[in-house]
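1. Output the structure for:
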Amino acid sequence: MAQPTVTEVRLPPPSEAVIFRWDRLGSVAVPGAVEQPVLLLHADGRYSVPPRTLGGERVAGRLSSAELRALLTDIVVRQRFTSLNSDAIEAQIRAQAQTGGLLLRLRDGGVTRLELRLPGVHHTVTLANAHAAYQQFPQMEALQRLQAIQQRLLVLVEPSQPPAR
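-> As a prediction, this is how the structure comes out:
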């Protein structure tokens, strides 16, 4: 169930607590690879992403306090993450597919799961085949916001991006 829209980000004290987690579950995996979170973001600004090579260590980085606040403000306030509702998004996808006479092209894209844990806020969005759904229904506002959140987080995840401080 969606929570009320958050208008200000309240960060917990800096600690090892995970405040944001991004998972892709059940997607096509490389043989021998272990499924790991795409991103773990901690209250002290540290983050980690999967290893760049099979069997390697998770890659770590750190955001400054200002960078952490800006990232979370973008996700929580600007993109209204806590107002996204998994069941409502899936219902909207089904309705648009039926109305338009389209078949949702299911691919083995797995399940995208985003989880936020801040003081007074715990919210999770889970969506099967999120990327395929966005490609097929790019006009859907909730999918646009979900896509924008993932694009914002890719700056931390993609190896082509410069490492954060």
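2. which residue ranges form the helices in this protein?
-> Along the chain, counting by DSSP state H, helices occupy 65-73, 86-99, 130-136, 141-157.
3. Can you spell out which helices and strands pack onto the second one?
-> To tie it back to what came earlier, the one meant is helix 86-99. In terms of contacts (3 or more Cβ pairs under 8 Å, 6 or more residues apart in numbering; DSSP states H and E), helix 86-99 is packed against strand 121-128, helix 130-136, helix 141-157. All C-beta spots, glycine's among them, are computed from the backbone N, C-alpha and C.
4. 7 Å instead?
-> Judged by 3 or more Cβ pairs under 7 Å, 6 or more residues apart in numbering; DSSP states H and E, helix 86-99 is in contact with strand 121-128, helix 141-157.
5. Name the residues of the helix or strand bottoming out on mean pLDDT in the chain that are buried.
-> None of the helices or strands of the chain scores lower by mean pLDDT, DSSP states H and E than helix 130-136, at a mean of 86. Neighbour-count burial for helix 130-136 flags A130, H131, A132, A133, Y134, Q136 (criterion: 16 or more other Cβ atoms under 10 Å).
6. Tell me how far the last one lies from V38.
-> As judged by Cβ to Cβ, to the nearest Å, Q136 and V38 stand 22 Å apart.
7. What's the local residue count around the nearest residue to Q79 once chain neighbours are set aside?
-> Distances taken as Cβ to Cβ, 6 or more residues apart in numbering put R145 closest to Q79, at 4.7 Å, once the chain neighbours are dropped. Using other Cβ atoms under 10 Å, R145 is surrounded by 19 other residues.
8. Out of the buried residues of helix 130-136, flag the one nearest to S65.
-> Of all the buried residues of helix 130-136, S65 sits closest to A130, with 29.9 Å by Cβ to Cβ.
9. So that closest one is in contact with T112, correct?
-> Yes - using Cβ atoms under 7 Å, A130 is in contact with T112, at 4.0 Å.
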